[in-house]
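[1] take this sequence and fold it.
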Amino acid sequence: MSGPYRWMRHPLYAGSVVVALGAVVASRSVVVAVVVALYMAATIGAAVVTEEARLRRDFGTAYDDYSRATAPAVRRSFSLARALRNREYRAAAGLAGGFLLLALKAAFNL
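    Next up is the predicted model:
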């Protein structure tokens, strides 16, 4: 309930959408915009459904309380082991892929 979680349940996904939007703007391509929109809708939509189901299974009514913004504040420090266990490296790979596409576009003047 602290940090960006005060305002939204999925701040990482919101950040991913902002980064994707930046890649679309930088590419100045309708095709890239369509591909990115489809990719983001499919992956983030699936991730939210999967993540919330796991959180409800693991935490039960405590997660429901949190999702209604009534749960008590919980402080948690960063953990590389937790980030790897939660497969956050996929977000880094997606970001790297987006920058690679922009670099290829710039290199080949596409």
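[2] got a list of what Ala53 touches?
    With contact taken as Cβ atoms under 8 Å, 6 or more residues apart in numbering, Ala53 is in contact with no other residue. Bear in mind the C-beta positions are built from the backbone N, C-alpha and C, glycine included.
[3] over to the one 3 residues further on?
    Contacts were defined as Cβ under 8 Å, 6+ apart; by that measure Arg56 touches 63-64.
[4] quickly note the distance from it to Pro4.
    Remark: distance between Arg56 and Pro4 (Cβ to Cβ, to the nearest Å) = 21 Å.
[5] one more: Lys105?
    Shown here: Lys105 relative to Pro4, a distance of 31 Å by Cβ to Cβ.
[6] where in this structure is pLDDT low?
    Residue ranges of the chain with pLDDT under 70: 1-2, 6, 69-76, 110.
[7] could you redo the last one with a cut-off of 50?
    Within the chain, the set of residues satisfying pLDDT under 50 comprises 70-72.
[8] identify the residue spatially nearest to the most centrally placed residue in it, adjacent ones excluded.
    When Cα atoms, centre = their mean is applied to the chain, the residue found nearest the centroid is Tyr13 (2.4 Å). Counting by Cβ to Cβ, 6 or more residues apart in numbering, Tyr13 lies nearest to Ile44, which is 4.9 Å off, once chain neighbours are set aside.
[9] thought Val17 was touching that neighbour, still the case?
    Yes. Assessed by Cβ atoms under 8 Å, Ile44 is found in contact with Val17 at 7.1 Å.
[10] and after the one helix or strand Ala42 maps to, which helix or strand comes next?
    Counting by DSSP states H and E, the element that carries Ala42 is helix 30-59. Using DSSP H and E, the helix or strand that follows helix 30-59 in sequence is helix 61-67.
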